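**Q** Turn this into a structure:
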Amino acid sequence: VQLQACGGGLVQPGGSLRLACAASGFTSSYHDIGWFRQAPGKEREGVSCVSKDGRTYYAESVKGRFTISINGAKSTVTLQMNSLKPEDSAVYYCVAVRGLGYAPDYWGQGTLVTVSS
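**A** Prediction:
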């Protein structure tokens, strides 16, 4: 099982960024693929995830601003982040998870998102 993430960077408040995650090695639909994040001094939190059949889930803090999508073969998941706020700054991790309310079973490497003027 591999989760390879890319994207992230520095953006001004109100700006946009896109994260992508290439998932491989998953032989069943047991796991959703998504993103968790961790800001300095804060606990990790689930941001969004998508099931193999395209059902999407979002944390309340990002609803209406973030959009997650998956290609048909569950090989790439994209998180489009719009209207970014300073409080969105965190290390974002691509994960394989049973749902946002569960701890991830698999983690990819983190990618840093910084929202600052």
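
**Q** Just list the residues touching the nearest residue to residue 84 once chain neighbours are set aside, thanks.
**A** Among residues not flanking residue 84 along the chain, residue 115 sits closest, at 4.5 Å (Cβ to Cβ, 6 or more residues apart in numbering). In short, each C-beta sits where N, CA and C put it, glycine included. Listed by Cβ atoms under 8 Å, 6 or more residues apart in numbering, the contact set of residue 115 reads 10-13, 15, 84-89.

**Q** Apply 7 Å and report the result again.
**A** Contact analysis of residue 115 by Cβ atoms under 7 Å, 6 or more residues apart in numbering lists 11, 13, 84-86, 88-89.

**Q** same thing with residue 95?
**A** Counted by Cβ under 7 Å, 6+ apart, residue 95 has contacts 3, 34-36, 104, 106-108.

**Q** same thing with residue 94?
**A** Residue 94 touches 3, 5, 21, 35, 108, counting by Cβ under 7 Å, 6+ apart.

**Q** what helix or strand is the fourth one on?
**A** Put plainly, it is residue 35. When elements are assigned from DSSP states H and E, residue 35 belongs to strand 32-38.

**Q** What's the first helix or strand after that strand?
**A** In N-to-C order, the element after strand 32-38 by DSSP H and E is strand 45-50.

**Q** contacts for that next one?
**A** With contact meaning Cβ under 7 Å, 6+ apart, strand 45-50 is reached by 32-37, 56-59, 62, 66, 68-70, 77, 79, 97, 100.

**Q** The helix or strand just after it packs against which elements?
**A** Counting by DSSP H and E, the next helix or strand C-terminal to strand 45-50 is strand 56-58. Applying 3 or more Cβ pairs under 7 Å, 6 or more residues apart in numbering; DSSP states H and E, we find strand 56-58 packed against strand 45-50.

**Q** starting at the chain centroid, how far to the strand it packs on?
**A** Relative to its chain's centre, strand 45-50 lies at 6 Å (Cα atoms, centre = their mean, to the nearest Å).

**Q** and if you look at stretch 94-107?
**A** 10 Å.

**Q** And that stretch, end to end?
**A** One end of stretch 94-107 to the other measures 6 Å (Cα to Cα, to the nearest Å).
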